[in-house]
Each structure stands twice: as structure tokens, then as C-alpha cells.
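>>> Everything below, folded, please.
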Amino acid sequence: MSLSLSTSVDITSAEQHQQLVISQYGILNKATIKQTANAANRISVSQHGSNNVLDIGQYGYGNIVSLEQEGNGNQADVIQQGDANIVNVSQFGEQTIAIHQIGNEMVVNISQY
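Below is the predicted model of the structure:
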């Protein structure tokens, strides 16, 4: 387990078949991720702490975003552009979410508590 007071991740990737796994534990969490690859990319983010913020842009087809936010502030903004993309979100806390999907055969699963 890691503890951080000012955790921040900013990732840009342009490869296919990538899997990004990010776990943030701490007080001030923030993750900004942009995947511009063609296909079959996965992003899995788990944020635990106080001020969770997330902004994901994923472009291509057959991509998956799995997001878990537990803590106080929670906020998420996910943009997926392409076909057959999936977003799974679980939020516990103050919660705010915006999912933008542009394409065909898209799936969104949301649990908020």
C-alpha cells in the first residue's frame, strides 16, 4: 500500500492491445489518461482517498474502461470514440460522472452509492 498526499498520473499512449492498471491511494488523487490506439486497449483505475478526479479519453474500437472510485470527492469524465467500447464505473462518495460514447454497439455499466 502506498500513501500519497498529491498523487497525479498523466498518461498518453498510442499503442494497440495495451493494458494500463493504475491504483491510487491517498488524499489528493487525480488521473488523466489518453489512449489513441486503434483497438483492444484496457484501462483499469482504482482510486481511494479524498479528492478523486479522473479524465479518460479512449479512441478506437473494442476498448474497455474499468473505474472504481472510493472516497470523498469522486468525479469522472470518460470519453470513448469508436465502436464496441465498454465502460464499467463504480463510485462511492460524493459522485459525479459524465460518460460520452461516440460509435456503435457501446456499453455502459454504472453503480453509484
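
>>> ok, now how distant is residue 46 from residue 36?
Between residue 46 and residue 36 the computed distance is 23 Å (Cβ to Cβ, to the nearest Å). For every residue, glycine as well, the C-beta is placed using N, CA and C.

>>> Settle it for me: which of these two has more neighbours?
Legend: neighbour count by other Cβ atoms under 10 Å for residue 46 and residue 36, higher for residue 46 (18 against 14).

>>> isn't that one right next to residue 68, touching?
Yes: if you go by Cβ atoms under 8 Å, residue 46 and residue 68 touch, sitting 4.7 Å apart.

>>> gap between the two ends of stretch 75-91?
Terminal residues of stretch 75-91 lie 9 Å apart, using Cα to Cα, to the nearest Å.

>>> what does it rub up against?
Applying Cβ atoms under 8 Å, 6 or more residues apart in numbering, the contact partners of stretch 75-91 are 39, 52-70, 74, 94, 96-113.

>>> Now do that stretch: distance to the chain's middle.
Averaging C-alpha positions (Cα atoms, centre = their mean, to the nearest Å) puts stretch 75-91 7 Å from its chain's average.

>>> that older thread, from the contacts of stretch 75-91, list the buried ones, please.
52-70, 74, 97, 99, 101, 106 (16 or more other Cβ atoms under 10 Å).

>>> taking these one by one, which sit in strands?
Those of the buried ones among the contacts of stretch 75-91 mapping onto strands are 54-59, 64-70, 97, 99, 101, per DSSP state E.

>>> Please tell me how far residue 74 sits from residue 81.
Look at residue 74 and residue 81: by Cβ to Cβ, they are 24 Å apart.

>>> With that, I have no additional questions.
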